[in-house]
Each structure stands twice: as C-alpha cells, then as structure tokens.
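>>> just need the structure, nothing else, for what follows:
(4 chains)
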Number of protein chains: 2
Amino acid sequence: MPTVRGVDERKVPTIYDVAAACGVAPSTVSRAFSRPGRVNAETAARIRQVAEEMGYRANPLARALPTGKTSLLALVVSDVTNPFYFEIIRGAELAATEADYTLLVADVHESATVERKALERALPLVEGVVLGTSRMSDSAIRVMAQQRPTVVLNRVLTGIPSVITDNARGARRAVEHLASLEHRTIGYLAGPEASWADGMRWRAMREAAEMLDLRVQRFGPFAPTLAGGAEAVPLVVASNVTAVVAYNDLVAIGLMRGLAAADVRVPRDVSVVGFDNIFGAEICSPALTTVAAPLTALGKYAVQTLLAGMSSRTPPQTRPALLPAELIIRDSTARRARRRRS
Amino acid sequence: MPTVRGVDERKVPTIYDVAAACGVAPSTVSRAFSRPGRVNAETAARIRQVAEEMGYRANPLARALPTGKTSLLALVVSDVTNPFYFEIIRGAELAATEADYTLLVADVHESATVERKALERALPLVEGVVLGTSRMSDSAIRVMAQQRPTVVLNRVLTGIPSVITDNARGARRAVEHLASLEHRTIGYLAGPEASWADGMRWRAMREAAEMLDLRVQRFGPFAPTLAGGAEAVPLVVASNVTAVVAYNDLVAIGLMRGLAAADVRVPRDVSVVGFDNIFGAEICSPALTTVAAPLTALGKYAVQTLLAGMSSRTPPQTRPALLPAELIIRDSTARRARRRRS
DNA sequence: GTGAAAGCGCTAACAT
DNA sequence: ATGTTAGCGCTTTCAC
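Residues are numbered from 1 along each chain as shown, chains lettered A, B, ... in the order given. Have a look, this model is predicted:
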C-alpha cells in the first residue's frame, strides 16, 4: 500500500542512523561535529561524509534541550509598522546571522501588556533579548534581565547594557542650525510621556537654546505618529514660533501635512525638523531636515553587545554605548521670514 | 557563600517540582494541563493552583521535542526594509498570536541563497512557513513544501496554497482611470524579471488597454526600488507616454522624484500610478495614486490559511485565495494635457 | 482516575 | 580515541 498521507513524510535521519551507518557509537557522531579535535581525524571525516550523504541535520530542538543553546535571539519592537524599526531590524538580523543566530522579532503594538506576554512566550526559547523602545517599567525590565541576557535600545537603565543614539548632540545641532537661520523662538513637539528619548531631546534642546539665547516652547505630548503631528497644527499656528523641532519624523511629517492643509507653508512660514531619518523623511514634501539616527548600526551593535555579554564570563559592560547622530539638512528648514500673522 | 554568578540563577520549576509539591505523579500534572478532562476535577484544580503559585511554566523546548509542536511559524520576506512588508508582518503576527503561535521573521535580502540558508536554519524549528515574495524557484519551493506546510504570498504555484492580491483587477482599474482622464498612450515600468506579480500586472494592463483602445509601452525591467524608478526617468521623458504605471510604489516614487529633478511636472506633464499603497505613498508629493494591496489582510490570511492546512487531516485547499485590490486616487494622476515636448 | 515507564534526539560525564 | 550511560523536561502508551 502506498502511504496514506498525500505527501511522503520522509523520516529525517537522526544521529543514531548516522552512527549505525558508520559502525560507531552515537556519541562519536556527536563529537565529530561538536568537538572534532577529540576524535580520530579519519573517522571524523568518514562520519561527516556519511552524514552529508544521508542528509543528516542535527535537530536543533534536541540539541537545545540539554544545553540550553537554542541559537535564537529575540528583538522586541514596540511597533513593526513604524519605519523607525526597519533598519534596526535589518541591522540586528545581520549581526545575528553573522554569529549563527536566528532573530525572533516580536511586535508588541505599543502595549506593555502585549510586551509582557510576548516576552513570556519568547523568553524560554531565546538565549538573549534586545528590547527596542520598551514600554515596560524599569523594574519590569530588570526582572526579565535576570532571566536572560538583555540589552536595551534607546533607553538607559543602570546595570543593564544599552545602546542609544547621541540625541543630545543631535538636538544641539538642530538648534544651532535653526539659530543660524535666524530663528529666535522655536517650538518642540513632545512625544509620549513614557519615552526616555523624549526627555533627552527636550532637555538638550532647552540647554542649547539657552546657550544661544533662543526661546523654546514645548507643546504636547503627542502620539509619535502622523496623527500626533497633525494634532499639533493649531497649537503651532496659534503660537509665535518660527521653527519647530518634532519628537520624531512621523510627527514632523504629520505636522507638515497638517500645516499644508492649513495653508501654512514650510519652510517659508515655519521651518520643521524631525528626528531619526526614517524612510519617508526624504520622500515627503518638502524633504525633511532631520537628526538622523544610525539605525542599522543601532540594531547591529545591540546584538553584538548582547552576544558579547552572553559569551563572556564577566558581567557585561553596562555603560551605555552612544552612537553618533547626524543632522541632515534638507528642504524643510530655511531662513526665518516675517510671520504671516501677528 | 553567596552565588558566584553575578545574577541569581533561580531555577525554573519543572513538572517534577509541581508533582512533588502536589503529591501526584508527573504524568498527572502533564495531564492536568493538556487533557483536563481525563483527570479528577479537584486534583486538576489543585495542581493548577500550586503550579501557579510556584510560577511554573512548561518548557516549550521540552514539550516540542516529543511532540514536534514548537508553536513557531516562519514568515520569510525578501527584504524587511521594504515598506511593502510592514503591514504584512503585522497582519501575520496578529493571526499567529491569536492562534498562540510565535512568528519568526526571516529577512533574506533579496537573495535566493540567503533564503535557502535561512530556511534551512528555521525549518526544523517551525511548524509551518509562509513565503512572502520568495526568490526561490518553483521546484525549490515545492521541495521545501513537503518538509513543512507552506503557503506562498504573491505567487501562484499549483499544488501549494497561496494568497495573492487581485492585481489583475487592480491593473484594469488603473488603466480605466487613466483612460477616463483621456490618456491615450501609457507606459509600464516593469519590475524584476523573476517577479510573478510583474507578469500579472503587465498582462492585465495590456489586456485592459486593448479593450479600451489605448496604447501601452513597456520599459525596464527595473529594480523594485526608488533607484529603479529614477533610472526610468530618461526613458519616460524620451517616450511619448502621458501616463505611467509603475511596478510598485517605490518605483513610482523614485520616478516622480527623478521627474521633478528633470523639471517634468506630475501630474501636469505626466500622470503616475503605483502598486501596493505602502507607507510613503500618501506622504510623498504629489500624493501617489495607487492600486492598494490589502497588506494586513494578506499577512493575516496567509497565516490563517497555513494554520488551517496544518490542523486539517485533508490536503489543503490549493486554489489561490484572491484578495481584492482597490484603486486609491490621489494627486499624481490628472487629465491629460498637451505634452511639453514633441 | 492515576502511576510507572519508555522515549523524543542530543550532549556530557564517566568508563574503557 | 571510542563506547556506555544517564539525563534535559515533557508526553504518551500501558497497566493498575
């Protein structure tokens, strides 16, 4: 009788099959792969050869059970749909693959609850995790960090390795740029209260403004989305700022679109600068001046840091790694002009 | 002596610990969770209670080893960095989570080799895979489909379940729209040769054009990127088309930017329509008219189809699922005007 | 309804 | 250098 199932379920060869075919013990086969030094060179070669012919592949599950080595890393992002993460994921993936790890990307939809659930699900599977813009509390992060090696992105947490963008410097550059264009009073569109980066950006801006003798005004908080930026329109219009720095590019773009709809011209009437340089900052109109985050590098470096911490016996370096931001000047900023209205 | 390791490695309780604490056999604990019906209601309740108190969580690895149930699904995408996938990933993630599965996203950088490697790595771990815009050959896909339940996205493969966008209908709509704006000769910017969708779109366009008595001209192939669209600029300018349909939004946006640089106005001089309606189609300038793919639904439905095929004993439905596309009219298309040059 | 025991495929002592 | 044995934590017959 032919097999009942539609598809032939060819049995995957195990280490026992290879051992039998070679006339050696299973443990020898295992050694031939994991500890080639400790086995006769010829037997090892023969084993590999036979294994190859049989199409043997070690079952990663079976290997992971006794050793704990799953070769899996988790990257949790607050929202996969946010262009901010695209390059970060790519970078993380690159670094993981390079080290023979597979990356598990978990999307938590901006929810601390979902984040906790996803983590609970993924944690036993992975050897380490990088938290991208986590919405969890510091203490919750610390708790999970003692279950698995952890590195956090875009946030500083004493005792936990982290990699962040040097947004303070970026914010200063943005303010200097605006000052050089003769803007005297600039607005800041704040992001979510819980955002660590938001605090950094605002503080740096205020300090820079003070040094340059500018006035700054804070609006918000707004959701870190296009809609959030749109919401800011009436406030900006009603104020007397001639330039605004937004929490991120999405907010900046949302603002620009809303401004256009309200017949306020960018950069003629008001200059706009964003943060991050996501995909979209270049194609929007006018092209957005922005403080570019080293997205790919961020992802890559985060998993490299994680991997390093995992392999070393000593507690990992916990001083945050600061990656440089760069101000990219495009078309949304220009020399200050007379305001259209009082 | 305190523990040597910096972090307390609190041992995770196993089924044995719970069993001991309850005074029952390990198998009973197992049953209490997996087959609650077959165990005394009271004991079951007590076991769950104790397990809860001890913070017991079944080790997914250990569970997967004898059963093969890893609760992992793979989604392989040709390029995570492509906005086309954002919503697809989100949809797939949603459907997976809903069914208590975790999604493994693999990025293959537009390379068949990397794709094969990634698959080889992930396959033994997952219970099923959805292939998003695979770059592998049909036969390679068939081979892997007999190792694990598979569904393909944006491609039709007899014998393999697939879910695709009804781009033929979308392409027709686009042509009709252009015809209604009095365009008589329209161009098509082709995507990669290996793209199944490209063939569909081009064919449907040609047929629609014939019915409406329009002339169509094919340019390319181009890379499915902004750069690819930019490349097309001289060809389009040199031709006598008054409207162009691009393989996808990225190409369309690239084209529009190039056109702007060449001082050709969209839509005054030439109308442009894209495919997919990715993030960016709305924020670019002018906002892009495009054949919107049901991105989130695509991802969601693919996973649901996969899951359905996995659980049913009967061979899965292999007639491709056709999800509707919708023409979204924005600012990049307008009534035909006199060409600027002969 | 519950317990005992075998086994998933691999690794890691421990022997030889 | 190689074979033997005992698990890793869970599921699943098979008895009772």
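>>> okay, helices next: where are they in chain A?
Ranges of helices within chain A are A:15-22, A:26-34, A:41-54, A:60-67, A:84-98, A:112-122, A:138-145, A:167-180, A:196-212, A:226-238, A:249-261, A:295-311, based on DSSP state H.
>>> can you add mean neighbour count and give those helices back as TSV?
For the C-beta atoms, the positions are set from N, CA and C on the backbone; glycine is no exception. Rendered in TSV, the data for the helices of chain A read as follows (neighbours: other Cβ atoms under 10 Å in any protein chain shown):
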stretch	mean neighbour count
helix A:15-22	18
helix A:26-34	18
helix A:41-54	15
helix A:60-67	16
helix A:84-98	23
helix A:112-122	17
helix A:138-145	15
helix A:167-180	21
helix A:196-212	19
helix A:226-238	19
helix A:249-261	25
helix A:295-311	21
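>>> could you dump those helices into JSON lines and include distance to DNA strand D?
Converted to JSON lines, these look like this (distance: least, Cβ to the nearest atom of the strand, whole Å):
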{"stretch": "helix A:15-22", "distance to DNA strand D": "7"}
{"stretch": "helix A:26-34", "distance to DNA strand D": "3"}
{"stretch": "helix A:41-54", "distance to DNA strand D": "4"}
{"stretch": "helix A:60-67", "distance to DNA strand D": "3"}
{"stretch": "helix A:84-98", "distance to DNA strand D": "25"}
{"stretch": "helix A:112-122", "distance to DNA strand D": "14"}
{"stretch": "helix A:138-145", "distance to DNA strand D": "19"}
{"stretch": "helix A:167-180", "distance to DNA strand D": "43"}
{"stretch": "helix A:196-212", "distance to DNA strand D": "36"}
{"stretch": "helix A:226-238", "distance to DNA strand D": "44"}
{"stretch": "helix A:249-261", "distance to DNA strand D": "42"}
{"stretch": "helix A:295-311", "distance to DNA strand D": "19"}
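>>> mean pLDDT for the ones you listed - can I get that in CSV?
Putting those into CSV (pLDDT from 0 to 100) gives the following:
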stretch, mean pLDDT
helix A:15-22, 94
helix A:26-34, 94
helix A:41-54, 93
helix A:60-67, 95
helix A:84-98, 95
helix A:112-122, 90
helix A:138-145, 92
helix A:167-180, 96
helix A:196-212, 94
helix A:226-238, 97
helix A:249-261, 96
helix A:295-311, 96
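>>> what's the closest of these to A:V156?
Closest approach to A:V156 among the helices of chain A is made by helix A:196-212 (6.9 Å; Cβ to Cβ).
>>> circling back to that earlier point, how about the helices of chain A in a markdown table, adding distance to B:A96?
Listed next are the helices of chain A as a markdown table, based on distance: least, Cβ to Cβ, whole Å:
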| stretch | distance to B:A96 |
| --- | --- |
| helix A:15-22 | 31 |
| helix A:26-34 | 32 |
| helix A:41-54 | 33 |
| helix A:60-67 | 19 |
| helix A:84-98 | 17 |
| helix A:112-122 | 11 |
| helix A:138-145 | 22 |
| helix A:167-180 | 34 |
| helix A:196-212 | 29 |
| helix A:226-238 | 27 |
| helix A:249-261 | 26 |
| helix A:295-311 | 22 |
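>>> just send those helices back as JSON lines, with distance to chain B too.
Shown next, in JSON lines, are the helices of chain A (distance: least, Cβ to the nearest Cβ, whole Å):
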{"stretch": "helix A:15-22", "distance to chain B": "14"}
{"stretch": "helix A:26-34", "distance to chain B": "15"}
{"stretch": "helix A:41-54", "distance to chain B": "14"}
{"stretch": "helix A:60-67", "distance to chain B": "5"}
{"stretch": "helix A:84-98", "distance to chain B": "5"}
{"stretch": "helix A:112-122", "distance to chain B": "6"}
{"stretch": "helix A:138-145", "distance to chain B": "8"}
{"stretch": "helix A:167-180", "distance to chain B": "21"}
{"stretch": "helix A:196-212", "distance to chain B": "21"}
{"stretch": "helix A:226-238", "distance to chain B": "8"}
{"stretch": "helix A:249-261", "distance to chain B": "6"}
{"stretch": "helix A:295-311", "distance to chain B": "9"}
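>>> if anything else comes up later, I'll come back, but that's it for now.
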